Structures are given as C-alpha cells and as structure tokens.
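Q: Predicted model follows, preceded by the sequence.
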Amino acid sequence: MPMSQPRFTTNPERIARLQENYDAGVEREKMPNEEREKLDLECFNLSPAQLAALTERARAAQKTKVPGP
C-alpha cells in the first residue's frame with residue numbers, strides 16, 4: 001500500500017522524510033512479531049542512570065526555552 005499524499009505539508013524535504021518513515025514501517029511490519037518485540041526491547045532499554053541523565057537534560061532544556069511571541 002503506497003503512502004497517501006500528505007495534506008499538512010508541501011515541503012519536499014519533509015515529504016521525503018515522511019516517505020522514509022513510511023517505508024521503514026512497511027518493512028518492519030513484514031518481520032515476525034517476536035523479532036519486532038526483541039528489537040523494541042533493544043531500542044528502548046535504558047539503565048536507571050541513563051534515564052536519570054535523560055530526564056535531567058530534558059529539565060535543563062525546558063528551563064532554557066525562549067518564550068514564544
């Protein structure tokens with residue numbers, strides 16, 4: 001099934017990135033469920049120290065955000 005034409009952007013670079021993501025998802029769906037779940041565990045596995053560091057970086061980034069107009 002081909003990707004539908006995006007309705008919320010006309011930026012060619014953004015559309016190309018959306019197509020890449022779509023194609024990656026199509027390939028992923030061809031994998032057996034067990035293999036996908038194993039890959040998910042490998043991608044989302046963080047130690048408590050890594051999670052704490054990520055949380056701290058996110059908090060620091062929120063404090064330095066410039067307010068919008």
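A: Structure's in. What do you need? Residues are numbered from 1 along each chain as shown.

Q: C-alpha from now on. contacts and neighbour counts both.
A: Will do.

Q: Residues touching stretch 13-21, excluding its own?
A: Counting by Cα atoms under 8 Å, 6 or more residues apart in numbering, stretch 13-21 makes contact with 3, 6, 9, all of which sit outside it.

Q: residues of it that come out buried?
A: residue 19 (16 or more other Cα atoms under 10 Å).

Q: Let me know the closest of the contacts of stretch 13-21 to residue 45.
A: Minimum distance to residue 45 across those is 30.4 Å, recorded for residue 3 (Cα to Cα).

Q: where does that closest one land on pLDDT?
A: Here, the pLDDT recorded for residue 3 equals 88.

Q: So it versus residue 34, what's the distance?
A: In this view, residue 3 and residue 34 are 26 Å apart by Cα to Cα, to the nearest Å.

Q: Repeat that for residue 61.
A: In terms of Cα to Cα, residue 61 sits 36 Å off from residue 34.

Q: same thing with residue 55?
A: 30 Å.

Q: circling back: for the contacts of stretch 13-21, which single residue is the most surrounded?
A: The most crowded member of the contacts of stretch 13-21, judged by other Cα atoms under 10 Å, is residue 6 (12 neighbours).

Q: which stretches of the chain form helices?
A: 12-29, 33-43, 48-63 (DSSP state H).

Q: Same list, these, but as a markdown table with mean pLDDT please.
A: Compiled in a markdown table, the helices of the chain are given as follows (pLDDT from 0 to 100):
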| stretch | mean pLDDT |
| --- | --- |
| helix 12-29 | 94 |
| helix 33-43 | 87 |
| helix 48-63 | 91 |
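
Q: For the residue positioned nearest the centre of the chain, give its distance to residue 9.
A: Per Cα atoms, centre = their mean, the C-alpha nearest to the average position across the chain is that of residue 21, at 8.9 Å. As judged by Cα to Cα, residue 21 and residue 9 stand 15 Å apart.
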